[in-house]
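K.L.:
I'd like to go over a predicted model; first the sequence, then the structure.
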Amino acid sequence: MDRTVTTAPAAPLSRLNKAGLVLAFLLGLFDATGFLWPTATTSDGRQAPPFDALMLGTVLGVITMVAAVIAWRTHRRSAFRVAAAARIISAIAALPAFFVGVPAWLQATAGVFVVLTVVAVVMMLAPRRQTGPVTD
């Protein structure tokens with residue numbers, strides 16, 4: 001007895017989902033290369049952001065980019081969720097910049113990327129429109 005499993009075709013991505021994936025990929029690219037960007041010094045003489053935070057951002061950026069590519073190609077909701085989770089963790093990791101004495105330009109940059117992350121996550125996880133027959 002031969003059993004074949006067929007799966008329903010994945011619903012196509014909406015423009016909103018695609019835009020969210022592109023934005024998440026670009027934010028992930030920025031995170032992955034974050035250790036190459038200039039750093040600042042806090043009011044008490046420490047490096048901001050710290051090296052550990054930069055490495056965490058690098059790992060999260062790579063995870064975001066890989067998950068975004070997989071989500072784009074396969075339309076799997078789990079890949080969307082992984083990309084969204086990586087972006088959310090990255091945004092949470094950026095929040096200390098608002099409470100530690102870092103320069104204003106670094107706070108502004110962190111703020112912009114937190115807002116863009118929220119936008120990307122909302123766009124990625126927006127429900128896809130299901131097309132089906134109209135029955136009246």
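P.N.:
Right, received. Where do you want to start?
K.L.:
Can you check which helix is longest in the chain?
P.N.:
Criterion DSSP state H: the longest helix present in the chain is helix 51-74.
K.L.:
Please state the offset of that helix from the chain centre?
P.N.:
Distance of helix 51-74 from its chain centroid, counting by C-alpha atoms, centre = their mean, to the nearest Å, is 7 Å.
K.L.:
Not counting residues beside it along the chain, what's closest to the residue nearest in space to the middle of the chain?
P.N.:
Nearest to the mean C-alpha position of the chain, by C-alpha atoms, centre = their mean, lies Arg87 at 3.3 Å. Spatial nearest neighbour of Arg87, chain neighbours left out: Thr117 (4.7 Å); criterion: C-beta to C-beta, 6 or more residues apart in numbering. Heads up, the C-betas are built off the backbone N, CA and C, glycines and all.
K.L.:
returning to that earlier point: what packs against the longest helix of the chain?
P.N.:
helix 15-32, helix 77-94 (3 or more C-beta pairs under 8 Å, 6 or more residues apart in numbering; DSSP states H and E).
K.L.:
hmm, back to that, ok, now how distant is the residue nearest to Arg87 from Leu26?
P.N.:
11 Å (C-beta to C-beta, to the nearest Å).
K.L.:
any idea of the angle the longest helix of the chain forms with helix 77-94?
P.N.:
On the basis of axes from the mean of the first three to the mean of the last three C-alpha atoms, to 10 degrees, helix 51-74 is oriented at 160 degrees to helix 77-94.
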